[in-house]
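Asker: requesting a structural model of the entry that follows:
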Amino acid sequence: MSQFAAIMSPDGAVQVIPFVDNQLKTLQTAVGGYVEAVTLSPDLIMWVNEDGKMNKLPFNQAATSIFVKHRGGADFIVGQVVFTGGNDSKGDTKGIGEDQIQQLKTYAAMSKVN
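Answerer: Numbering: from 1, shown residues only. Sure, this is the predicted structure:
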């Protein structure tokens, strides 16, 4: 079964890429630096640039909205982010399926800043 990750840009665009368990280099390239995992649910992890706020990356409205929906609070997300699935029994990060990708795309479209 194919697994994927979804890259969400600050402009709300969502790009789907193939994802095989624990592709650290893919995650780091997508966010432009060291990654930090933000667990949103047991089946959804958002990977952000660890130094994104310090480096003044652009505000990501769609990712912030998704973060607040799942975690609450007053924090915000910057830069490009990657969404993957949760962890398997060995602790490896899994990809996400078509349903999760569609939900992310829908949420991103609703959150786009004009």
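Asker: so where is the protein shaky, pLDDT-wise?
Answerer: For the chain, residues meeting the criterion pLDDT under 70 lie at 1-2, 21-22, 112-114.
Asker: could you pull up the residues touching G52?
Answerer: With contact set as CB atoms under 8 Å, 6 or more residues apart in numbering, G52 has these partners: V31, G33, I77, V78, G79. Heads up, the C-betas are built off the backbone N, CA and C, glycines and all.
Asker: got those residues as JSON lines, with secondary structure, distance to P18 and neighbour count columns?
Answerer: Formatted as JSON lines, the contacts of G52 follow (DSSP: H, G, I helix; E, B strand; the rest coil; distance: CB to CB, whole Å; neighbours: other CB atoms under 10 Å):
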{"residue": "V31", "secondary structure": "helix", "distance to P18": "17", "neighbour count": "22"}
{"residue": "G33", "secondary structure": "coil", "distance to P18": "22", "neighbour count": "15"}
{"residue": "I77", "secondary structure": "coil", "distance to P18": "24", "neighbour count": "25"}
{"residue": "V78", "secondary structure": "strand", "distance to P18": "26", "neighbour count": "20"}
{"residue": "G79", "secondary structure": "coil", "distance to P18": "22", "neighbour count": "23"}
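Asker: what about the strands in the chain?
Answerer: Using DSSP state E, the strands of the chain run over 4-8, 14-18, 35-41, 44-49, 81-84.
Asker: pipe those strands into a markdown table and attach mean neighbour count and distance to K25 per row.
Answerer: Shown next, in a markdown table, are these (neighbours: other CB atoms under 10 Å; distance: least, CB to CB, whole Å):
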| stretch | mean neighbour count | distance to K25 |
| --- | --- | --- |
| strand 4-8 | 22 | 12 |
| strand 14-18 | 14 | 12 |
| strand 35-41 | 15 | 10 |
| strand 44-49 | 22 | 12 |
| strand 81-84 | 26 | 12 |
